[in-house]
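Engineer: Test case, fold it:
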Amino acid sequence: FILQQNNKSDPRERRLKAIYDALDAGNNKKAIQEAEKVLRKEAGDSLCAKALRALALLRYGRLDEATAAASEVERVDTSEESVLQAMTYFYKESHRLDLIAAMYERAVQQQPKSEDLLTSLFMAHVRVLDHKKQQLTAAKLHRLAPSKNPYYFWSVMSVLMQATECGGELASKMLLPLAAKMAEAFRDRMNAEAEVQLYLMVLEMQERFEDCLATLDGPLSSLLSPQSTEMTRQQRMGYLEKLGRKQELADARWEDLTTEPNDWARWQSCIQSSINADISQGGDYVEADPRLSELQSRIDAIAAEHPGLSGPCLARLELMRRCPVSCRPETALSLMRSYFEAFASRPAVASDLLQFRSLLSDTDENSSPAKLLELIRPGLPEWPKAAADADRQQLVRDLTARINYEQLSRGLLNKPMDAEQRNAKVAELIQAYRANLLDGLRPTEVQPADDLLLLAVSLHYDAWLVEDAKQSETHLLQALYLLDEGLSGSPSNYNIMLWMIRLFIALGAWTPASNLYERLDVKQILLESVGFVLSRQVARCGLLSQGLVMLNNTAMFYKNNWRDIVEHLCTAYRIGNFRKVPELVALTDRVSSSLESVFCGLELRHQSLLLSGPNIVEGVYEMGAPPESSSSAESPQPAFDGLVDGRDFRLVREFRSDLLAATADASRLLEDERAWLLYRSLGLRCVSHLTRMATEMASTGSVTKQADAARALKQQLMEQSAGSTGDSLPAFDIEPHPCLPYPACLPAHFAAGSQALLAPAIDYFLNLLPPSTDNSSAGVADASSIDPLLESFDAQLAAVEVINADGGSAATAPVEPLFGQQLQRLSCLCESACLLSLVHELTAVALAGKLAMSKKQRRPYETFCRTVRSRIGDRINRAAAALEALEAVWKAKIGQAWTDADGQEETVGVGGDDGGQPKRRCRAKVDELLCQSRCRCLGEMLNLLRFRFSN
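Structural biologist: Below you'll find the model as predicted:
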């Protein structure tokens, strides 16, 4: 806050300053005390003190008092700036932006000629995206200060945003012509670059690209600053492309390329534009086409002019890829070999060349990928070794060349190795990694040799996917041991941390994965692209309290994101950056329809419900019905269409083209997520509806009003269950690419049977009180009515009771050996146990009226309730016993890893060769983390079951 200092000697201002200082220092308790002191001295007449007190109460967490205090201020219409500013902060932080506009509208009515108040009112309308009122307010500002151009162009921009929002004929026939007419009327009075850019935006939306070019070439171009030359050049090329003037576009792109001859994006655009221009004038290319020769000559000329640049060299390969008629595998092989030899000591050379793998032949040995590797290998330097007297720069160059070769080999050969080849390669890579660790690096720097370790980890991961058919933890553990060693040398290498998160989750260790996620420092918009690496594992790992914290942090970002974006939107208007306005509005739409936002919101509701305390019914009421729920029988299940998937599936670098291809089909992954959201939403709706049914039975003795809706929900459950079985949704599958998310837990939940409890639960409450003409003497269902529900739970329990800590299985029911897969079954079991607990509590709620009758009349209901509680309690106790047995086994293993490690020596072969084996301290550390995390997961699930059925 900036204190008004119109009168520095005013004692009232001095008293308010103490409140401002306390708020700025974050001492909200003191701010409340200072505000109350001012109100006592001024007999409660200080409106500003009341507003500041409301803000301090809000920040202190006393929401009810803050709302009451704000209501006192709202009842008084004022135009005092200090009061308005304090209330603006209050409304922002309470997410009630619409009330800011209403407040300033009342203030403007008192001072209609105040430019400051009208400006604040305009920004208030910007915050709620009320473009029509923005236009009207900007028009008032322009009439009040006609010499200030920005106000007029705020009005033009508001009309343009109305056209963007409504679209259709209204935009094309009325709003856009109006915006164009308004802008053209001010052409002679434009005096800033922002005004010219807004005029160009209007013309672009009307598709008047000839007029856009004329504007860039006309007198208004003098208002464009030299700093925007690059943007102007890109705009011009965009207009030429829209107009279909292909030859002019190609010439412009070649001219643009001369400014940055190593820019790969420019090279791609330039080559494609030249090809389009040639084809439009002379048809498709043919062999020995002179037009292709001319293109190649232009590329060769730039390459000769800039011999040290990689862009022109790659451009030759790009031309071959875009014009297959000019491609000769032997020529492509020669160019790729020359490129590698020229730039092998630079990072990312392997990635550069792998995009042209299709130019090589898989049938001709003389132009095959293997031939390329054979030709490159003799020119490689020997494996370097770090030494105190070594030239560090030369060592890094030699090491980079060898890393590029290994990465290129993995990408070109594109097939997993057999066990003997893999073990030899892992040993070679790890020995080279350990021999080239550099000393003296800062914690934020990564070791140049880290890529060698990551390649070795990839080989172990390949072996787990293929050789062991995912039936053993051995290769995952070997990979984790190596990654832990690498993290100790490069504590900020995000690739190592992402790999470790992936593998820890597969092994059922949430805690170390969560700690690594925190080290990644994922925040703000990164939650949209990176958050999925952990948010999808909350339902899988069973550590609900930690998962709840992570989900809540993500949900708070999306909740607060709107407020942050609209403030940037206001800034864009203030500084005249009109091109950012549509982008920011589109960003608000994108974030509000984000897949991650919807996913975390549903999971947060679900986990909060499970952790809501012994009285789960209160948890249902506190949670509130999901926004999709309705008591109407015709209420459709939400389709979750239009969700925006912002996940980045290429966070972890991979070079095998078959694994990279798995990331391309994002639609398949989105459908998987949508199915899970439907499942979770339907589950929450069922829980909410069961509560309604019990409440209705308690008040009316029947479920007449809710019966149709309950049957409709049951039908949706049956349809979803039928559509989520079979080969299309295998249980506990895993994606091959290390950065792809695990498939949504839906198949596993159906396999474990947790969804199967919901339909019997609905039937149970529909039949709990048989219909009767005499409500007071109505009977209760037989205790066997709960049998279908308990049988579904028994099926899950039988599968869980055979799990042992070694990942084996009993003869009666095979289970998956990976503990992460076992943990998912246990998590499903806990959810089902919570549902059983809910059924027990809702039974008591539904029969509350019956239990209040006379002793003789209530006896059958009491007996029924005791029977239900006993039978449900028996199941939950059995589930707790199974978890307790597993927990005891893993607790016994804590500390054993370090004991074993202290009694071992490092594996060292001839000449100090360790065979690429992980260091024993790393093995012990990872094994201990796994044991501790597994115990914590099992312990929390065990406590949840005891807590849930404690009464």
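Engineer: Was I right to think residue 397 contacts residue 345?
Structural biologist: Yes: using Cβ atoms under 8 Å, residue 397 is in contact with residue 345, at 3.9 Å. Quick note: C-beta positions are derived from backbone N, CA and C, even for glycine.
Engineer: how close does the residue of the chain most remote from its centre get to residue 289?
Structural biologist: Taking Cα atoms, centre = their mean, the residue of the chain most remote from its mean C-alpha position is residue 856, at 59.0 Å. With distances taken as Cβ to Cβ, to the nearest Å, residue 856 is found 102 Å from residue 289.
Engineer: Chain neighbours aside, what residue packs nearest to residue 528?
Structural biologist: Take residue 528 and drop its neighbours on the chain: the residue closest to it by Cβ to Cβ, 6 or more residues apart in numbering is residue 646, 4.2 Å away.
Engineer: helix/strand/coil for that neighbour?
Structural biologist: Of the three states, residue 646 takes coil under DSSP: H, G, I helix; E, B strand; the rest coil.
Engineer: Please tell me the pLDDT value assigned to the residue most central in space within the chain.
Structural biologist: Residue closest to the average C-alpha location in the chain (Cα atoms, centre = their mean): residue 528, at 3.0 Å. The model reports residue 528 with a pLDDT of 88.
Engineer: Whichever strand or helix holds it: which residues count as buried?
Structural biologist: Using DSSP states H and E, residue 528 maps to helix 526-530. For helix 526-530, the neighbour count (16 or more other Cβ atoms under 10 Å) marks 527, 528, 529, 530 as buried.
Engineer: helix or strand right after that helix?
Structural biologist: Assigned by DSSP H and E, the successor of helix 526-530 is helix 532-535.
Engineer: residues in contact with that next one?
Structural biologist: Identification of contacts with helix 532-535 by Cβ atoms under 8 Å, 6 or more residues apart in numbering yields 498, 501-502, 505, 513-514, 517, 550-551, 554, 596, 599-600, 603, 647, 651, 739, 741.
Engineer: One more: stretch 362-373?
Structural biologist: So stretch 362-373 is contacted by 329-330, 332-333, 336-337, 357, 360-361, 405, 408-409, 412-414 (Cβ under 8 Å, 6+ apart).
Engineer: Give me the distance between the two termini of that stretch.
Structural biologist: End-to-end span of stretch 362-373 (Cα to Cα, to the nearest Å): 13 Å.
Engineer: do the same with stretch 222-234
Structural biologist: 17 Å.
Engineer: Show me how far that stretch is from its chain's centre.
Structural biologist: Centroid separation for stretch 222-234 versus its chain: 36 Å, with Cα atoms, centre = their mean, to the nearest Å.
Engineer: buried set for it?
Structural biologist: Neighbour counts over stretch 222-234 (16+ other Cβ under 10 Å) mark 224, 232, 233 as buried.
Engineer: related to what we said a few turns ago, show the secondary-structure elements that the helix or strand where the residue farthest from the centre of the chain lies is packed against.
Structural biologist: For residue 856, the element it lies in under DSSP H and E is helix 855-893. When contacts are defined as 3 or more Cβ pairs under 8 Å, 6 or more residues apart in numbering; DSSP states H and E, helix 855-893 sits against helix 787-801, helix 819-846, helix 848-851, helix 920-948.
Engineer: export those to TSV and tack on distance to residue 439?
Structural biologist: Shown next, in TSV, are the helices and strands packed on helix 855-893 (distance: least, Cβ to Cβ, whole Å):
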stretch	distance to residue 439
helix 787-801	50
helix 819-846	37
helix 848-851	73
helix 920-948	19
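Engineer: Of the ones you listed, flag the one that's most buried.
Structural biologist: Sort those by mean neighbour count, taking mean count of other Cβ atoms under 10 Å, and helix 819-846 sits at the top with a mean of 24.
Engineer: How about the contacts made by the closest residue to residue 558 other than its chain neighbours?
Structural biologist: Among residues not flanking residue 558 along the chain, residue 597 sits closest, at 4.2 Å (Cβ to Cβ, 6+ apart). Residue 597 makes contact with 555, 558, 591, according to Cβ under 8 Å, 6+ apart.
Engineer: who touches stretch 440-447?
Structural biologist: Applying Cβ under 8 Å, 6+ apart, the external contacts of stretch 440-447 come out as 436, 437, 438, 486, 489, 490, 491, 492, 493.
Engineer: which of the contacts of stretch 362-373 lies closest to residue 295?
Structural biologist: Closest approach to residue 295 among the contacts of stretch 362-373 (Cβ to Cβ): residue 332, at 16.1 Å.
Engineer: That closest one: what's it in contact with?
Structural biologist: Contacts of residue 332 (Cβ under 8 Å, 6+ apart): 317, 320, 356, 359, 360, 367.
Engineer: Three-state assignment for it, please.
Structural biologist: helix.
Engineer: these two touch, right, residue 155 and residue 139?
Structural biologist: Yes: shown here, residue 155 and residue 139 form a contact pair, counting by Cβ under 8 Å, at 5.2 Å.
Engineer: Same drill for the two, tell me which one is more crowded.
Structural biologist: residue 155 (22 against 15; other Cβ atoms under 10 Å).
Engineer: Domain ranges for the protein, per the record?
Structural biologist: Taking the TED database as the criterion, the chain consists of the domains 382-571, 607-772+780-807+817-900+918-950.
Engineer: before we move on, back to that, want to try JSON lines for the buried residues of stretch 222-234, with distance to residue 509, pLDDT and secondary structure as columns?
Structural biologist: Below are these laid out as JSON lines (distance: Cβ to Cβ, whole Å; pLDDT from 0 to 100; DSSP: H, G, I helix; E, B strand; the rest coil):
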{"residue": "224", "distance to residue 509": "57", "pLDDT": "89", "secondary structure": "coil"}
{"residue": "232", "distance to residue 509": "54", "pLDDT": "91", "secondary structure": "helix"}
{"residue": "233", "distance to residue 509": "53", "pLDDT": "91", "secondary structure": "helix"}
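Engineer: At which residues are the helices of the stretch 651-800 of the chain located?
Structural biologist: 657-661, 666-700, 704-723, 746-752, 758-766, 787-801 (DSSP state H, counting those that start in this stretch).
Engineer: Rounded mean pLDDT for the last one, please.
Structural biologist: Spelled out, that is helix 787-801. Helix 787-801 carries an average pLDDT of 81.
Engineer: Show me the shaky parts of the stretch 301-450 of the chain.
Structural biologist: When residues are selected by pLDDT under 70, those of the stretch 301-450 of the chain lie in 388-390, 416.
Engineer: Break down it into its helices, ranges please.
Structural biologist: 311-322, 329-343, 349-354, 369-376, 392-413, 419-435, 450-465.
Engineer: from these, which stretch is densest packed?
Structural biologist: Here the criterion is mean neighbour count by mean count of other Cβ under 10 Å, and of these the winner is helix 450-465, at a mean of 23.
Engineer: count of neighbours near residue 140?
Structural biologist: 19.
Engineer: Give the buried residues for the host helix or strand of it.
Structural biologist: Using DSSP H and E, residue 140 maps to helix 131-144. Within helix 131-144, the residues that qualify as buried are 131, 133, 134, 135, 137, 138, 140, 141, 142, counting by 16+ other Cβ under 10 Å.
Engineer: Correct me if wrong: the first one contacts residue 163.
Structural biologist: No: applying Cβ under 8 Å, one finds residue 131 not in contact with residue 163, separated by 9.1 Å.
Engineer: returning to what we had before: could you give me the average pLDDT of the helix or strand containing the residue nearest to residue 558?
Structural biologist: Residue 597 is part of helix 595-610, with elements assigned from DSSP H and E. In this model, helix 595-610 carries a mean pLDDT of 84.
Engineer: the inter-axis angle of that helix versus helix 666-700?
Structural biologist: Interaxial angle of helix 595-610 relative to helix 666-700 (axes from the mean of the first three to the mean of the last three Cα atoms, to 10 degrees): 30 degrees.
Engineer: Just the angle for helix 595-610 relative to helix 819-846, thanks.
Structural biologist: 60 degrees.
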